[in-house]
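Generate coordinates for the sequence data below:
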Amino acid sequence: MTLPRIQRCNDFVIKFANVNGSGSSSANELFARSIIRMGVPVAPRNIFPSNIQGLPTWYEVRVSEAGWLGASAGCDMMVAMNPQTWDRDLAAIDSGGYLFYDSTKPMPASKFREDVTVLGVPLTALCNREYTDARQRQLFKNVMYVGALIALLDMEFAATEKLIVDRYRGKDQLIQANVNALRIGYDYVKANLPCPIGLTVRRADAVGDRIFIDGNSACGLGAVYGGATVAGWYPITPSTSVIESFAGYCRKYRTDPDNGRARYAIVQAEDELASIGMVIGAGWNGARAFTATSGPGISLMQEFFGLAYFAEIPAVIVDVQRGSPSTGMPTRTQQSDLLSCAYASHGDTRHVLLFPEDPYECFTFTAQAFDLAERLQTPVFVMSDLDIGMNERLCAPFDWDDSRRYDRGKLMSFDDLEAGKTFGRYLDVDGDGIPYRTIPGTHPTKGAYFTRGTTRNPYAKYSETGADYIYNMERLRRKFDTAKELAPAPIVKNAAQATHIGAIYFGSTSPAMAEASALLEADGIHVDTLRVRAFPFSREVMRFIAEHDYVFVVEQNESAQLRSLLINEGEIDPKKLVRVLHYDGSPITARFVVRRIVDALAERKISPIGTPLRKVAP
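Here you go, the predicted model:
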């Protein structure tokens, strides 16, 4: 019987099932980058356990010449290299797909599916014949299956070979050994299996000038360009590589070429509480300082956030969100820290949050966060997550205006003080809620003040007078309103036809939402979309909600935190905001979004056409 096989070119998903610690990660990345070298976009995602070695790990590569970068709900080929997860991996293959496995040991027919084409290559036997060292056998087996896939998918062997040469440039022995292993897998398939199969890769020109980088590296570089010179931190998954990246860039760009001295300070503290304390102290002293953490660290830092908010000290926090609460799922993604960051610390606190959608915005928003923190004299949170932070993604190349100057905000200078200009540390002289500040050492006798977390009058003198407290709280609220005009504006995309249905989303939901919008439109369901890029919400966000009858709020947490913020801050009727929630730790997919929106429309008997309100300006 001839199996109905999937037939696609430059549009499929391959998933690698491996064992953590087996050295498969570099081989899987080699495969993904090889396809990019052929001009075809890919979106890889590494799904790994929170232990060091031995548990299952998966690496998904979505190949999409159309440019869809969101996660996929299924896979067209499974590279099954982990016997422990065989049944689960076999079940994940879409009907008509392919199973690639190590056929050194025979498998009973009951371990396969009739609707899946089986592709067996005796990888272990090939490695045992070629190598005597156990570690080499393991590592080069991974490279061999990449070579086998090149043949099966009709890829260009030379593209991968060139990638190996570039990766190990100057290490000829490694180049030769890796190319040899690649060739063994390739030649075996060419000689023993019908190829190419129904899934193929053809050279294209769909990548353009985009770069391939992960969000954590982008945040680290953004901190350098944003002028950060101090980082206080404590390691925590998935944020650790933000500081590692920052350290690497600092060694390259922040080291004095004449004497080799570091022009930066990176301190690994004893815990998260100490790290944010260091950042606040450095910010008070005039340095641009930041930390990187995740949900548990955010919980520990709460009291210091309140101090920085009330004493009005600039600080930047990169929060790479993960599964929660408590330890949760340390190596899975979520968008679950919105409320804990927006209202961090006790009392009436409100913080500025930035929501990057990809590595490009991780770079630009992190750099911008330092300007906002000093302009507003307050902590600013860059709300990334594991999906953006730890997975490489194609994005626009980073750009920077060399004429750009850092916005230090309202600083009272030596000349201002010398000229007798009135200085009140918490005095609102411009009506925007932002007072002037001085940096220690500005003037030998003028401009000093006592920094306190207690109530005070506009001149920083201790006060428990109700009027002084109300003055400060109302001024802080005005400053928060000012932030609405300074933070990144939302992005609105109108559907092809006028509609009364909208959708709001943010951050790493972007790739899935872009694809979902196209799928819905193809089915005649037109949805205007708005991507929130910052909190506090601008007027455009509230106008978008007002001009639609129903607005879906798409987010990756269980408690609908973005929806709660919209209701709380905009006094929105909760019935108008429809939840679309995904929170199993995997990245949200377009298929999930479409299904939830279609089901919700049917449940509420909402016509996808309806009578539209006036269109929202893009």
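
so how many other residues sit close to residue 520?
22 (other CB atoms under 10 Å). (C-beta placed from N, C-alpha, C; glycine too.)

what's the answer for residue 248, then?
15.

next one: residue 170
With other CB under 10 Å as criterion, residue 170 counts 6.

so what pLDDT did the nearest residue to residue 349 once chain neighbours are set aside get?
Nearest residue to residue 349, sequence neighbours excluded (CB to CB, 6 or more residues apart in numbering): residue 309, at 4.9 Å. We have a pLDDT of 98 for residue 309.

Same question for residue 618.
On the pLDDT scale, residue 618 gets 37.

Please apply the same query to residue 136.
For residue 136, pLDDT reads 87.

Would you mark the buried spots in the helix or strand where it lies?
If you go by DSSP states H and E, residue 136 is part of helix 134-152. Neighbour counts using 16 or more other CB atoms under 10 Å place 137-152 of helix 134-152 among the buried residues.

go on, stretch 588-596?
Neighbour-count burial for stretch 588-596, counted by 16+ other CB under 10 Å, picks out 588, 589, 590, 591, 592, 593, 594, 596.

Would you format those residues as JSON lines with secondary structure, distance to residue 173 and pLDDT included?
Formatted as JSON lines, these follow (DSSP: H, G, I helix; E, B strand; the rest coil; distance: CB to CB, whole Å; pLDDT from 0 to 100):
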{"residue": "588", "secondary structure": "coil", "distance to residue 173": "44", "pLDDT": "97"}
{"residue": "589", "secondary structure": "strand", "distance to residue 173": "43", "pLDDT": "97"}
{"residue": "590", "secondary structure": "helix", "distance to residue 173": "45", "pLDDT": "97"}
{"residue": "591", "secondary structure": "helix", "distance to residue 173": "46", "pLDDT": "96"}
{"residue": "592", "secondary structure": "helix", "distance to residue 173": "47", "pLDDT": "97"}
{"residue": "593", "secondary structure": "helix", "distance to residue 173": "49", "pLDDT": "97"}
{"residue": "594", "secondary structure": "helix", "distance to residue 173": "50", "pLDDT": "96"}
{"residue": "596", "secondary structure": "helix", "distance to residue 173": "53", "pLDDT": "96"}
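
okay, the residues you listed in TSV with distance to residue 229 next?
Formatted as TSV, the buried residues of stretch 588-596 follow (distance: CB to CB, whole Å):
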residue	distance to residue 229
588	37
589	41
590	42
591	45
592	43
593	41
594	46
596	45
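
What count of nearby residues applies to the nearest residue to residue 144 once chain neighbours are set aside?
Once flanking residues are discounted, residue 144 sits nearest to residue 185: 3.6 Å by CB to CB, 6+ apart. Residues lying near residue 185 (other CB under 10 Å) number 26.

my guess is residue 121 meets residue 81, correct?
No - with contact defined as CB atoms under 8 Å, residue 121 does not reach residue 81; the gap is 10.9 Å.

what residues are shared contacts of the two?
101, 102, 145 (CB atoms under 8 Å, 6 or more residues apart in numbering).

For the first one, what are phi and psi?
Reported as degrees, to the nearest 10, the phi and psi values for residue 101 are phi -150, psi 170.

do the same with the second one
The main-chain torsion angles of residue 102 are listed as degrees, to the nearest 10 and equal phi -80, psi 110.

how close does it get to residue 198?
With distances taken as CB to CB, to the nearest Å, residue 102 is found 22 Å from residue 198.

Now the nearest residue to residue 340 once chain neighbours are set aside: which helix or strand?
Sequence neighbours aside, residue 298 is the residue nearest to residue 340 in space, at 5.5 Å (criterion: CB to CB, 6+ apart). Assigning secondary structure by DSSP H and E places residue 298 in helix 295-300.

Report the separation between the residue nearest to residue 349 and residue 226.
20 Å.

What are the boundaries of the strands in the stretch 501-618 of the chain?
Here the stretch 501-618 of the chain has its strands, by DSSP state E, counting those that start in this stretch, at 501-506, 528-532, 534-535, 550-555, 577-581.

same question, the stretch 251-400 of the chain
Under DSSP E, counting those that start in this stretch, the stretch 251-400 of the chain gives strands at 265-268, 289-293, 315-321, 352-354, 379-385, 392-395.

Pass me the low-pLDDT residue ranges in the chain, would you?
For the chain, applying pLDDT under 70 flags the ranges 1-4, 52-53, 609-618.

The residue nearest in space to the middle of it - nearest residue in space that isn't next to it in sequence?
For the chain, the residue nearest the mean C-alpha position is residue 388 (2.1 Å; CA atoms, centre = their mean). Nearest residue to residue 388, sequence neighbours excluded (CB to CB, 6+ apart): residue 215, at 3.8 Å.

pretty sure the one you found contacts residue 389?
Yes - Residue 215 lies in contact with residue 389 (CB under 8 Å); the separation is 4.3 Å.

Neighbour count: the two, which is higher?
Applying other CB under 10 Å to residue 215 and residue 389 shows that residue 215 carries more neighbours, namely 35 against 31.

End to end on stretch 34-45, go ahead and measure it.
Taking CA to CA, to the nearest Å as the measure, stretch 34-45 stretches 16 Å from start to finish.

that older thread, between the strands of the stretch 251-400 of the chain, which one is closest to residue 363.
strand 392-395 (8.7 Å; CB to CB).

Against which helices or strands is that closest one packed?
The helices and strands touching strand 392-395, judged by 3 or more CB pairs under 8 Å, 6 or more residues apart in numbering; DSSP states H and E, are helix 24-37, strand 42-47, strand 211-214, helix 359-376.

got the contact list for that strand?
So strand 392-395 is in contact with 29, 32, 36, 41-44, 69, 207, 210-215, 358-360, going by CB under 8 Å, 6+ apart.

Narrow those to those that are buried.
29, 32, 36, 41-44, 69, 207, 210, 212-215, 358-360.

For the stretch 101-250 of the chain, which segments are assigned as strands?
117-121, 199-200, 211-214, 230-233.

quick one on the thing from earlier: nearest to residue 252 among the strands of the stretch 251-400 of the chain would be which one?
The nearest among these, by CB to CB, is strand 265-268 at 13.6 Å.

Please identify the pairing partners of that closest one and their relative orientation?
Strand 265-268 has its sheet partners listed here by DSSP bridges as strand 230-233 (parallel).

Compare the helices and strands packed on strand 392-395 and report which one is nearest to residue 281.
Nearest of those (CB to CB): helix 359-376, 14.4 Å.

angle of that closest one against strand 289-293?
Per axes from the mean of the first three to the mean of the last three CA atoms, to 10 degrees, the angle that helix 359-376 makes with strand 289-293 is 130 degrees.

which strands and helices sit next to helix 359-376?
Going by 3+ CB pairs under 8 Å, 6+ apart, helix 359-376 lies up against strand 211-214, helix 215-225, strand 315-321, strand 352-354, strand 379-385, helix 386-389, strand 392-395, helix 466-486.

Including distance to residue 88, could these go into CSV?
Shown next, in CSV, are those (distance: least, CB to CB, whole Å):
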stretch, distance to residue 88
strand 211-214, 27
helix 215-225, 28
strand 315-321, 26
strand 352-354, 37
strand 379-385, 25
helix 386-389, 21
strand 392-395, 25
helix 466-486, 47
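
looking at the ones you listed, which is closest to residue 233?
So among the helices and strands packed on helix 359-376, strand 315-321 is nearest, using CB to CB, at 9.5 Å.

CA-only coordinates of the closest one, as CSV, when you get a sec.
Coordinates of each C-alpha in strand 315-321 appear next as CSV, following Å, rounded to 0.1, in the frame of the first residue of the first chain:
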residue,chain,number,x,y,z
ALA,A,315,16.7,51.5,37.5
VAL,A,316,16.2,49.0,34.7
ILE,A,317,15.0,45.5,35.3
VAL,A,318,15.0,42.9,32.5
ASP,A,319,12.4,40.3,33.4
VAL,A,320,12.7,37.1,31.3
GLN,A,321,9.4,35.5,32.3
